[in-house]
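Engineer: 3D, please:
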Amino acid sequence: MVGTNRRNSLSRQIADYYHSLLTAYHADSVIMDLSGLPADFTSTALYEHTGKNPAFNRFKDVVEQAHKMVFIVPEYNNSYPGVLKSFIDGMTYPSGLANKKMALVGLSASHQGGALALSHLNDIFSYLGSNTLALRVKLAQIRAYWKDGKLEHDLYNELLHSQIKQLIAF
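Structural biologist: Numbers count the residues shown, from 1 in each chain. Got it, this is the predicted structure:
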């Protein structure tokens, strides 16, 4: 899950990279990019409009049928993007995300790697009954290490591989 609706985002590039790593481990996966959500989904798919927006429902259905998910989460204002929160609010409550197994990857231009964003998101998932891997990968100062579609940081790559192995076994 690309945790932003910004088109052509670095988060999407990292999601593509993560997807290629999953493929190397022979793990089936699909990328869901929130940039594909309908622009008006907060007024046409939530609350009294639940189930009434077919374009939103396609996203929702994929998520609700998944057993495991990886969230690639950029840091926005020391938390995660509001569009991700709105998307989560559109899930069936209380069971839409219950018992899902989640892995979290944060990225930021700062030195924190989205740590607080991942903490906020983990709190929401915990409340909704999801299970999050303890290893949350934090890709700090990401622009310095993202070169030509590859992550050029040995520790970051080691952490991603470790997280993927844990997620597969989870």
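
Engineer: what residue of the chain is the furthest out?
Structural biologist: residue 48 (25.9 Å; CA atoms, centre = their mean).

Engineer: which element is residue 31 on?
Structural biologist: Here residue 31 is covered by no helix or strand, with elements defined by DSSP states H and E.

Engineer: show me the contacts for it.
Structural biologist: Each residue near residue 31 by CB atoms under 8 Å, 6 or more residues apart in numbering is listed here: 1-2, 12, 15-16, 19. Where you see a C-beta, it was placed from the backbone N, CA and C, and this is true even at glycine.

Engineer: among those, which are in helices?
Structural biologist: If you go by DSSP state H, the contacts of residue 31 have 12, 15-16, 19 in helices.

Engineer: tell me the one of those nearest residue 44?
Structural biologist: residue 12 (23.9 Å; CB to CB).

Engineer: residue 132 versus the residue positioned nearest the centre of the chain, what's the distance?
Structural biologist: By CA atoms, centre = their mean, the mean C-alpha position of the chain lies nearest to residue 71, the distance being 1.7 Å. From residue 71 across to residue 132, the span is 9 Å (CB to CB, to the nearest Å).

Engineer: which neighbours do these two share?
Structural biologist: Contacts common to residue 71 and residue 132, judged by CB under 8 Å, 6+ apart, are 102-104.

Engineer: would you list the residues you listed in CSV and tack on secondary structure and distance to residue 170?
Structural biologist: Shown next, in CSV, are the shared contacts of residue 71 and residue 132 (DSSP: H, G, I helix; E, B strand; the rest coil; distance: CB to CB, whole Å):
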residue, secondary structure, distance to residue 170
102, strand, 9
103, strand, 8
104, strand, 13
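
Engineer: now those: which count as buried?
Structural biologist: 102-104 (16 or more other CB atoms under 10 Å).

Engineer: helices of this structure, residue ranges please.
Structural biologist: Using DSSP H, the helices of the chain run over residues 10-24, 41-44, 54-65, 82-89, 115-127, 142-145, 154-169.

Engineer: list the buried ones in the second one?
Structural biologist: Under the neighbour-count criterion of 16+ other CB under 10 Å, helix 41-44 has 41-42 buried.

Engineer: starting at the chain centroid, how far to it?
Structural biologist: Its chain's C-alpha centre and that of helix 41-44 lie 20 Å apart, by CA atoms, centre = their mean, to the nearest Å.
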